[in-house]
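Asker: Structure for this input, please:
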Amino acid sequence: MPPSHNIVIQYFSRVTPTVRHRLLFLLVGCVLLLGYIFWQTSADDNSSFLAELSRIPVYLAPVIIAGLGLTGIIFAGGIDLSISTIIVVAGTVFGILYDYGASPGVCFFGCWLTAVALSSWNGLLVRWLGISPIIITLAGLQFYRGLALILADTLMPDFGGGLSIQQAAYQTPAKEYAGWILAIVVVAALVWEAYGKTFREFLALGCSPRACRIAGLHPGRILQMSYLVGGLFLGVAAVLYVTNRQVIEPARMAMGFELSVIGAVVLGGTNIFGGEGTLLGTVLGALFLYLIGQAMLYAGVSEYWRTAIEGAVIVAVIGFDCALHRRRKLLDELR
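Answerer: As a prediction, this is how the structure comes out:
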């Protein structure tokens with residue numbers, strides 16, 4: 001058997017049957033949606049299927065990469081509702097550095113480092129305070145956007161609510177290399193998941209903190225590490241998100257971004273309560289949601305209805321997943 005087949009078998013042997021079924025469903029769904037889009041573009045002289053495919057990395061890379069980081073956090077039984085406003089602060093730092101004449105490389109690094117630092121800070125607060133991650137990060141959802149506005153208003157005297165990025169060199173990650181960056185990050189994440197122990201420790205913590213202690217592991221450290229790892233991914237997502245924008249507006253940036261990311265993670269089969277899931281599912285979940293939106297666009301569904309339907313799908317999936325896993329947990333307790 002070729003080594004590549006061994007890798008695939010090893011990868012899928014580690015996921016539960018429920019997750020494998022979800023992966024199959026998403027894979028078939030994505031193929032069908034791509035087939036429908038191909039049919040629509042073939043019938044329209046003004047559309048191109050290849051052009052449609054080329055747009056996917058630009059728009060989807062931030063969601064997928066941020067989703068990979070959030071998946072690890074949820075594996076460990078945590079959550080981060082503030083990822084959208086962390087991106088806002090990272091984008092504001094990018095804008096401030098740009099306004100002060102910093103080079104593109106310095107702006108990219110400052111944006112990435114800000115996201116890593118704030119995500120790690122969330123993990124530190126969760127560990128130190130012992131408060132539910134949903135409370136800590138829900139507070140951060142509001143706090144970080146306010147922080148971004150304060151930074152912009154204080155450090156950019158002429159800031160009028162938005163900063164226009166005029167030079168193309170500051171937009172190269174998203175405009176020219178989004179596909180390559182997305183491919184490298186996804187492959188690296190899947191290899192890390194398959195061969196490293198980090199994500200297995202996250203899953204172990206999500207399954208049973210008590211069992212982790214018995215095994216000599218430190219649940220607090222593992223949970224904090226999940227936020228650090230999540231921040232590494234979120235930093236890349238922030239750079240791609242920000243460099244795809246011509247205007248940085250802290251008051252309006254990344255509105256609802258966290259809902260799209262959480263929807264992709266849960267749709268991909270990750271248990272919202274932790275301990276179950278796969279990074280590949282997150283990738284397929286994000287792609288599935290994106291293709292649904294594009295399919296509705298080609299079907300002539302109005303923008304208002306598309307937004308409503310996409311939001312309803314995300315909420316329905318999260319609600320169904322919560323109910324399913326809560327019922328399974330109650331059944332396990334009765335046995």
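
Asker: you'd agree residue 77 is up against residue 206?
Answerer: Yes. Contact criterion C-beta atoms under 8 Å: residue 77 and residue 206 qualify, at 4.3 Å. Heads up, the C-betas are built off the backbone N, CA and C, glycines and all.

Asker: Now do the shared contacts for those two.
Answerer: Residues touching both residue 77 and residue 206 (C-beta atoms under 8 Å, 6 or more residues apart in numbering) are 273, 274, 275.

Asker: are any of the residues you listed buried, and which?
Answerer: Among the shared contacts of residue 77 and residue 206, those classed as buried by 16 or more other C-beta atoms under 10 Å are 273, 274, 275.

Asker: Might one say that the last one is in contact with residue 199?
Answerer: No. If you go by C-beta under 8 Å, residue 275 and residue 199 don't touch, sitting 11.7 Å apart.

Asker: any common contacting residues for those two?
Answerer: Common contacts of residue 275 and residue 199 (C-beta under 8 Å, 6+ apart): residue 75.

Asker: Report pLDDT for residue 226.
Answerer: Looking at residue 226, its pLDDT stands at 97.

Asker: nope, residue 7 is what I meant
Answerer: With respect to pLDDT, residue 7 has a value of 60.

Asker: which residues touch residue 116?
Answerer: Neighbour list for residue 116: 228, 231, 232, 234, 235 [criterion: C-beta under 8 Å, 6+ apart].

Asker: The same query, at a cut-off of 10 Å, please.
Answerer: Neighbouring residues of residue 116 by C-beta atoms under 10 Å, 6 or more residues apart in numbering: 69, 86, 90, 227-236, 238.

Asker: What's the mean pLDDT across the host helix or strand of it?
Answerer: Using DSSP states H and E, residue 116 sits within helix 104-129. For helix 104-129, mean pLDDT is 96.

Asker: got a list of what the residue nearest to the spatial centre of the chain touches?
Answerer: By C-alpha atoms, centre = their mean, the chain has its centre lying nearest to residue 67, at 2.1 Å. Neighbouring residues of residue 67 by C-beta under 10 Å, 6+ apart: 60, 74, 83, 230, 233-234, 237, 260-268, 270, 279, 281-283, 285-286.

Asker: Next secondary structure after the helix or strand harbouring it?
Answerer: Counting by DSSP H and E, the element that carries residue 67 is helix 49-75. Next in sequence after helix 49-75, counting helices and strands by DSSP H and E, comes helix 83-99.

Asker: how about the CA coordinates for that following helix, as CSV?
Answerer: This file holds the C-alpha atoms of helix 83-99, laid out as CSV (Å, rounded to 0.1, in the frame of the first residue of the first chain):
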residue,chain,number,x,y,z
ILE,A,83,-11.6,36.7,17.2
SER,A,84,-13.3,39.3,15.0
THR,A,85,-12.4,42.2,17.2
ILE,A,86,-8.9,40.8,17.7
ILE,A,87,-8.6,41.2,13.9
VAL,A,88,-9.9,44.7,14.3
VAL,A,89,-7.1,45.6,16.8
ALA,A,90,-4.6,43.9,14.6
GLY,A,91,-5.9,45.8,11.5
THR,A,92,-5.7,49.1,13.5
VAL,A,93,-2.1,48.4,14.4
PHE,A,94,-1.4,47.7,10.8
GLY,A,95,-3.0,51.0,9.9
ILE,A,96,-1.1,52.9,12.5
LEU,A,97,2.2,51.5,11.3
TYR,A,98,1.3,52.3,7.7
ASP,A,99,0.3,55.9,8.7
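
Asker: angle of it against helix 49-75?
Answerer: 120 degrees (axes from the mean of the first three to the mean of the last three C-alpha atoms, to 10 degrees).

Asker: Report the buried residues of helix 83-99.
Answerer: Using 16+ other C-beta under 10 Å as the test for burial, helix 83-99 gives 83-99.

Asker: Stretch 122-142 now?
Answerer: Across stretch 122-142, burial judged by 16+ other C-beta under 10 Å covers 122, 123, 125, 126, 127, 133, 136, 137, 140, 141.

Asker: list the buried ones in stretch 30-40?
Answerer: Using 16+ other C-beta under 10 Å as the test for burial, stretch 30-40 gives 30, 33, 34, 37, 40.

Asker: distance between that stretch and the chain's centre?
Answerer: Relative to its chain's centre, stretch 30-40 lies at 24 Å (C-alpha atoms, centre = their mean, to the nearest Å).

Asker: Then stretch 28-36?
Answerer: Using C-alpha atoms, centre = their mean, the offset of stretch 28-36 from its chain centre is 22 Å.

Asker: Provide the contact partners of that stretch at residue level.
Answerer: Counting by C-beta under 10 Å, 6+ apart, 49, 52-53, 56, 267, 283-285, 287-288, 290-295, 298-299 sit against stretch 28-36.

Asker: can you map out the strands along the chain?
Answerer: 163-164, 247-248 (DSSP state E).

Asker: Now render the ones you listed as a markdown table, adding distance to residue 112, mean neighbour count and mean pLDDT.
Answerer: Shown next, in a markdown table, are these (distance: least, C-beta to C-beta, whole Å; neighbours: other C-beta atoms under 10 Å; pLDDT from 0 to 100):
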| stretch | distance to residue 112 | mean neighbour count | mean pLDDT |
| --- | --- | --- | --- |
| strand 163-164 | 18 | 17 | 88 |
| strand 247-248 | 15 | 18 | 92 |
